[in-house]
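Peer 1: With the input below, show me the fold.
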Amino acid sequence: MRHLLTLLIGLSFSGLTWAESTLGLPALVIPADNPQTTEKITLGRLLFNDKRLSADGSISCASCHQAGKAFTDGLTVAKGVAGQTGTRNTPSVLNAAFYQTQFLDGREQSLEAQALGPMVNPVEHGLKDHQAILEIIRQDPNYLSLMTRVFNIQPQELTTDHIGKAIASFERTLIAGDSPFDRYYFGMDQSAISESAARGSRIFRRKGNCAVCHEISINNALFTDNRFYNIGVGYKQLQPVLDEWLAATARGDQPDYSAWSDVQRSELGRYAVTKMPANIGQFKTPTLHNVALTAPYMHDGSIKTLEEVIEHYDKGGESSRFVDAKVFPLHLTKQEKADLLAFLQSLTSFQYTQPTAGPAHE
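Peer 2: Residues are numbered from 1 along each chain as shown. Reported below is the predicted structural model:
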């Protein structure tokens with residue numbers, strides 16, 4: 001109960017305050033079947049931070065999505081129950097409310113559905129099934145009281161859908177815009193960024209070809225087109241098994257992954273959702289807001305710094321037959337690379353640049 005009261009008291013410094021700083025972001029669409037309420041957001045925050053929602057009591061959503069690290073974990077790949085490691089880098093939850101699909105391969109269509117997936121993943125939270133989630137909630141009188149009040153239901157009517165809705169409501173408060181670039185570009189404040197960053201913004205939109213996928217609109221910049229691309233990362237993992245597998249698939253044989261490693265299966269990316277060979281190795285375009293705070297980069301965390309990210313794109317990615325046509329050598333000069341870096345660093349939101357203005361969600 002004490003933990004719950006602490007969270008209730010802390011709500012005034014939660015994501016509700018963040019929603020005011022949305023310069024550069026579009027209007028947030030709230031699903032009609034999951035309206036935001038203060039109490040539901042509080043409940044979702046409690047669930048987001050609760051390590052009991054894991055098989056060994058060691059992992060919560062906040063374990064990988066840490067407020068002090070822009071809701072990432074700073075690791076190459078995520079770490080779950082019993083110290084197990086996954087195969088993909090932890091994406092930030094900041095501005096995930098604006099994504100059209102969730103997860104790096106887009107396998108879920110909503111935050112509500114996404115919220116439950118990690119809990120029953122054997123490497124992440126490790127719970128055996130959705131029933132195990134419900135049992136944890138039903139054994140806690142405080143949870144049960146909040147759930148029945150928030151959703152106006154009887155205890156026996158509680159489902160995992162309610163849990164997903166509560167967590168999603170909290171995640172929709174994790175909004176971060178209002179960066180120096182937003183003030184420069186949308187707020188018309190020419191002094192908001194350096195001359196180098198201003199040059200970098202032009203490189204980003206023109207020679208760098210970045211804005212083709214990381215879109216900037218007339219009155220907002222999500223820095224994502226919500227589509228999927230193979231950008232030449234991770235192909236070496238697939239190379240030993242791919243030709244034989246593609247040949248078998250072309251013959252109409254049932255795909256056989258039995259000899260593949262977890263990493264190799266993960267590298268299929270969007271294909272695992274669509275089963276279309278054209279989607280092999282494709283992953284969702286991430287937002288770039290606060291990108292300077294979310295290293296390491298790429299779906300597998302294989303690129304450690306923004307400087308290395310720029311070099312990756314400058315050379316046109318790693319050689320692979322599946323690399324998207326939008327990825328090609330850029331031939332940037334040393335100064336252009338420095339300017340592009342300055343631009344990316346200008347995408348850090350106000351609450352992360354002020355020592356006393358940071359979020360407190362842990």
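Peer 1: how is this protein carved up into domains?
Peer 2: Under the assignment named as automatic domain parsing, the residue ranges that make up the domains of the chain are 2-171, 180-346.
Peer 1: Same list (those) but as JSON lines, adding mean neighbour count.
Peer 2: C-beta coordinates here come from the backbone N, C-alpha and C atoms, glycine included. Shown next, in JSON lines, are those (neighbours: other CB atoms under 10 Å):
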{"stretch": "domain 2-171", "mean neighbour count": "18"}
{"stretch": "domain 180-346", "mean neighbour count": "17"}
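Peer 1: Could you identify which of these has the lowest mean pLDDT?
Peer 2: The stretch with the lowest average pLDDT out of these is domain 2-171, scoring a mean of 89.
Peer 1: Residue 81 touches residue 128, doesn't it?
Peer 2: No - Residue 81 is not in contact with residue 128 according to CB atoms under 8 Å; the separation is 11.6 Å.
Peer 1: what's the overlap in contacts for those two?
Peer 2: Listed as contacting both residue 81 and residue 128 by CB atoms under 8 Å, 6 or more residues apart in numbering are residue 55.
Peer 1: Contact partners for the nearest residue to residue 94 once chain neighbours are set aside?
Peer 2: Sequence neighbours aside, residue 176 is the residue nearest to residue 94 in space, at 4.6 Å (criterion: CB to CB, 6 or more residues apart in numbering). Counting by CB under 8 Å, 6+ apart, residue 176 makes contact with 18, 21, 70, 94, 95, 289, 290, 349, 351, 352.
Peer 1: Likewise for residue 220?
Peer 2: 24, 25, 26, 177, 186.
Peer 1: please redo it, this time with the cut-off set to 7 Å
Peer 2: 24, 25, 26 (CB atoms under 7 Å, 6 or more residues apart in numbering).
Peer 1: quick revisit: please report how far the residue nearest to residue 94 lies from residue 166.
Peer 2: When CB to CB, to the nearest Å is applied, the distance between residue 176 and residue 166 equals 21 Å.
Peer 1: likewise residue 224?
Peer 2: Counting by CB to CB - residue 224 and residue 166 are separated by 26 Å.
Peer 1: One more: residue 52?
Peer 2: According to CB to CB, residue 52 stands 15 Å off from residue 166.
Peer 1: what does residue 307 give?
Peer 2: With the distance defined as CB to CB, residue 307 ends up 40 Å from residue 166.
Peer 1: ditto for residue 230
Peer 2: Residue 230 sits at a distance of 36 Å from residue 166 (criterion: CB to CB).
Peer 1: Also residue 334?
Peer 2: Computed with CB to CB, the distance linking residue 334 and residue 166 is 50 Å.
Peer 1: same check, this time on residue 346
Peer 2: Counting by CB to CB, the gap from residue 346 to residue 166 is 35 Å.
Peer 1: And for residue 310?
Peer 2: Here residue 310 is placed at a distance of 40 Å from residue 166 (CB to CB).
Peer 1: Same check on residue 98?
Peer 2: Counting by CB to CB, the gap from residue 98 to residue 166 is 20 Å.
Peer 1: try residue 196
Peer 2: Taking CB to CB as the measure, residue 196 and residue 166 are separated by 44 Å.
Peer 1: same check, this time on residue 317
Peer 2: Residue 317 sits 40 Å away from residue 166 when distances are taken as CB to CB.
Peer 1: for residue 261, same thing?
Peer 2: Distance, residue 261 to residue 166, using CB to CB: 36 Å.
Peer 1: Ok, residue 287 next?
Peer 2: Distance, residue 287 to residue 166, using CB to CB: 24 Å.
Peer 1: ok, now residue 249?
Peer 2: According to CB to CB, residue 249 and residue 166 sit 41 Å apart.
Peer 1: residues in contact with the spatially most central residue of the chain?
Peer 2: Taking CA atoms, centre = their mean as the criterion, residue 91 is the residue nearest the geometric centre of the chain, at 3.3 Å. Listed by CB under 7 Å, 6+ apart, the contact set of residue 91 reads 104, 286.
Peer 1: quick one: contacts for the closest residue to residue 121 other than its chain neighbours?
Peer 2: Of all residues beyond its chain neighbours, the one nearest residue 121 is residue 80 (7.3 Å), with distances taken as CB to CB, 6+ apart. Under the criterion of CB under 7 Å, 6+ apart, the contact list for residue 80 reads 59, 86, 123, 124, 125, 126.
Peer 1: got it, and residue 303?
Peer 2: 296, 297, 309, 312.
Peer 1: who does the helix or strand that contains the last one touch, helix- and strand-wise?
Peer 2: Following DSSP states H and E, one finds residue 312 within helix 306-314. Here helix 306-314 touches helix 334-345, going by 3 or more CB pairs under 7 Å, 6 or more residues apart in numbering; DSSP states H and E.
Peer 1: quick one: the helix it packs on to chain centroid distance?
Peer 2: Helix 334-345 has its C-alpha centroid displaced from the chain centroid by 24 Å (CA atoms, centre = their mean, to the nearest Å).
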